[in-house]
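A predicted structure for the sequence below; I have some questions about it.
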Amino acid sequence: MNKSVDNYFIEGCGRCPLGGTPDCKVHSWTSELELLRKIVLNCGLTEESKWGAPCYTFQNKNILMVSALKEYCCISFFKGSLLSDDKNLLVKPGPSSQAARLFKFKNIDEIIKIEDDIRAYIFEAIEVEKAGIKIQFRKNPEPIPEEFEAKLEKDPFLKTAFEALTPGRQRSYILHFSQPKQSKTRTSRVEKCIPQILNGKGLNDR
């Protein structure tokens, strides 16, 4: 275990106003997150803290993340779309997601029920990374401003949260970010909206 990751399981990622408070999402999934962490570490992955959340790597390559959201906790595979998923256990974070795939859990019994399958999927994800297989991304029909694109590429946690939004909410953000003519203003709009995206809310949601 990585001591720098321990803080996530105590106070959350700290990237939204609820971080470090009793209302933080991690407190809804304490037992589930503890078990998921144990399963992942037993598969031989290296535990690191990235983007404020537990990230698990193999030879410095990102394989998956363990995280808590409002409605569920999950294991998120960076290249989940490349996994065979013969048992149809993985789901997309959102309809526009091209790479990430999730195991979603709402109670500890759901994890225990497929514990062996979870390990098998993790080992397959490691093999995909060993083979150096890349994902061929389709172009987004709605052009994403480069300032926001750069944020998404650097922050898979944010990318997963954005892709989990409905297409309408995604489009609203993209249009909002694209409107200003100056890059500085576009960047400012992106920064201000990140907490709301991480909370699964649309631009006009309150």
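That came through fine.

ok, the residue of the chain positioned farthest from its centre to residue 145 distance?
The outermost residue of the chain, judged against the average C-alpha position, is residue 181 (30.3 Å), by Cα atoms, centre = their mean. According to Cβ to Cβ, to the nearest Å, residue 181 and residue 145 sit 11 Å apart. Just so you know, the C-beta spots here come from the backbone N, C-alpha and C atoms, and that holds for glycine as well.

for residue 152, same thing?
Going from residue 152 to residue 145 by Cβ to Cβ gives 11 Å.

cool, and residue 68?
29 Å.

returning to that earlier point: quick one: pLDDT of the residue farthest from the centre of the chain?
Note on residue 181: pLDDT of 91.

quick one: secondary structure of it?
Classification of residue 181 by DSSP: H, G, I helix; E, B strand; the rest coil places it in coil.

Residue 74 too?
Per three-state DSSP, residue 74 ends up strand.

mind listing what it touches?
By Cβ atoms under 8 Å, 6 or more residues apart in numbering, the contact set of residue 74 is 66-68, 102-105.

if you average pLDDT over stretch 2-14, what comes out?
Stretch 2-14 comes out with an average pLDDT of 83.

and what of stretch 83-92?
Stretch 83-92 carries an average pLDDT of 96.

List the contacts of the helix or strand harbouring residue 177.
Using DSSP states H and E, the element containing residue 177 is helix 167-178. Helix 167-178 has contacts (Cβ under 8 Å, 6+ apart) with 94-96, 142-145, 147-148, 162-163, 165, 186, 189-190, 193, 197, 201-205.
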